[in-house]
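Q: Model the structure of this input:
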Amino acid sequence: MTTTAPPIRVLIVDDQMMVREGFSVLLNAMPGIEVVGEAVDGRQAIAQVAALGPDVVLMDIRMPELNGIEATREIVAADADAKVLVLTTFDLDEYVYQALRAGASGFLLKDASALQLAEGVRVVASGEALLAPTVTKRLITEFAKQADMPRPRGLDQFGELTERETEVLVLIAQGLSNGEIASNLFVAESTIKTHVSRILVKLGLRDRTQAAVFAYEARLVTPG
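A: Next up, the predicted model:
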């Protein structure tokens, strides 16, 4: 007898009612996803996460009271299980980069299709990072070019990575999934999962999104 997995619980955070209602309708129509609440700003989002315990938070960036970056930072610090998926209108948005550094697990453009939105929620809920090889790489590399890049967290521990772990880290930053990395390196996907776990532990990072940001900030990946 098979058991049905519980639905992915989603909180939608946006100061525009039409956006919240539109995403709510789209996601509730998708199998395995349930919208459990909405919030109009960052402060309300933090309270709703504490009250509802969603699996995924769809987070707008520009909001009154408390913006999505600060809200993401507080949510991630308070609830290690909540995954934040940032919503943005522009694919080259400095605020998105800041949100990734704050602990967001990825981002989506607001004009994403219903299927892309649902897939993004599922990817993030599963513990993967939403790092498309095109848009996200373009976003991160743009800001990796800046001369005043912050010193990446975990840099002191970088020397503890093995040569293979460093290779995997670079491929993560290029937007490859575990399966794609496994194919690229001709090893089992389970082996890549082990490497990713060790990388995160050694560098003291939350997830593979932060690992990708680290790789760009540490100049392991050439911008462009």
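
Q: pLDDT on the helix ranked longest in the chain, on average?
A: With residue count as the measure and DSSP state H as the assignment, the chain has helix 189-203 as its longest helix. The average pLDDT for helix 189-203 rounds to 90.

Q: Same check on stretch 84-91?
A: Rounded mean pLDDT across stretch 84-91 is 79.

Q: Okay, buried residues for the longest helix of the chain please.
A: Across helix 189-203, burial judged by 16 or more other C-beta atoms under 10 Å covers 192, 195, 196, 198, 199, 200, 202, 203. C-betas here are computed from N, CA, C, even on glycine.

Q: Out of those, the closest to residue 185 would be?
A: residue 192 (7.4 Å; C-beta to C-beta).

Q: ok, now which ones touch the closest one?
A: The neighbours of residue 192, taking C-beta atoms under 8 Å, 6 or more residues apart in numbering as the test, are 168, 178, 179, 181, 182, 185.

Q: One more pass at 10 Å, please.
A: Residue 192 is in contact with 164, 168, 171-172, 176-185, counting by C-beta atoms under 10 Å, 6 or more residues apart in numbering.

Q: which one of those has the most neighbours?
A: In terms of neighbours by other C-beta atoms under 10 Å, those top out with residue 168 at 28 neighbours.

Q: For residue 178, give me its contacts.
A: Residue 178 neighbours (C-beta under 10 Å, 6+ apart): 128, 168, 171, 172, 189, 190, 191, 192, 193, 195, 196, 208.
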